[in-house]
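A.B. asks: structure, please.
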Amino acid sequence: IAMFAFVGYIVQSNIVFPWPQTTAGAAHPSVDLLPEEQWDAVPLGAKWQIFAVISALELWDECGGGYLPHYTKGRKPGQYPTFQLFRDNVHFVLDLYDPAGFNKKMSEETKERRLTAEINNGRLAMLGIFGFISADKVSGSVPLLNDIASPYSGDPMIPFEGQFSYF
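C.D. replies: I've put the predicted structure just below:
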């Protein structure tokens, strides 16, 4: 998730998709806005869609895809379950890791090395996204980003800014 957030922060700072963001024809937020302001400008329904997909993926992981033990009960760290059970019973969907099956014959040593790299990349992405958010919220908090950070008056830790409620 942190890697998605980090890449999203960079992409939305520089690129606006040419197609409408909503079926009503509303455009994507302008690149003139800070990424946090762009998030604030996203319609509530779109925010809920994003959180619903993330929640479904987390639930699938928590349930082990219906065939793996829970990660606190002995599942190998970093082993995300395939969607095979879902494919067999609902409809076709690609797996998140290696959807084309290119890495099926990879050695265990290579898999372990790549898992370590993935975990380290995730940690770096967490530092990166929070570095960007901190630099925009608290001026001077990340000296390396002083030249590119812009002040943000909202609260980046409240993703729905006053409109969040399960009920």
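A.B. asks: and S139, how many neighbours?
C.D. replies: Residues lying near S139 (other Cβ atoms under 10 Å) number 11. Bear in mind the C-beta positions are built from the backbone N, C-alpha and C, glycine included.
A.B. asks: so for it, what's the pLDDT?
C.D. replies: Per-residue confidence (pLDDT) for S139: 91.
A.B. asks: what about the residue nearest to it when sequence neighbours are not counted, distance to L57?
C.D. replies: Residue nearest to S139 in three dimensions, not counting chain neighbours: P151, with 6.3 Å by Cβ to Cβ, 6 or more residues apart in numbering. In this structure, P151 lies at 33 Å from L57, with Cβ to Cβ, to the nearest Å as the measure.
A.B. asks: what's the answer for Q12, then?
C.D. replies: 21 Å.
A.B. asks: looking at these two, which one has more neighbours?
C.D. replies: For Q12 and L57, the more surrounded residue by other Cβ under 10 Å is Q12, and the numbers stand at 19 against 13.
A.B. asks: top helix in this structure by residue count?
C.D. replies: As assigned by DSSP state H, the longest helix anywhere in the chain is helix 108-137.
A.B. asks: pull out the buried positions in that one.
C.D. replies: Applying a neighbour-count criterion of 16 or more other Cβ atoms under 10 Å, one finds 125, 128-129, 131-133, 135-137 buried in helix 108-137.
A.B. asks: helices or strands up against that helix?
C.D. replies: helix 2-14, helix 35-41 (3 or more Cβ pairs under 8 Å, 6 or more residues apart in numbering; DSSP states H and E).
A.B. asks: what's the angle from the longest one to helix 108-137?
C.D. replies: The reference is to helix 2-14. Relative orientation of helix 2-14 versus helix 108-137 (axes from the mean of the first three to the mean of the last three Cα atoms, to 10 degrees): 50 degrees.
A.B. asks: in helix 2-14, what's buried?
C.D. replies: Neighbour-count burial for helix 2-14, counted by 16+ other Cβ under 10 Å, picks out 2, 5-6, 9, 12.
A.B. asks: do the same with the shortest one
C.D. replies: Along helix 35-41, these residues count as buried under the neighbour rule (16+ other Cβ under 10 Å): 35-40.
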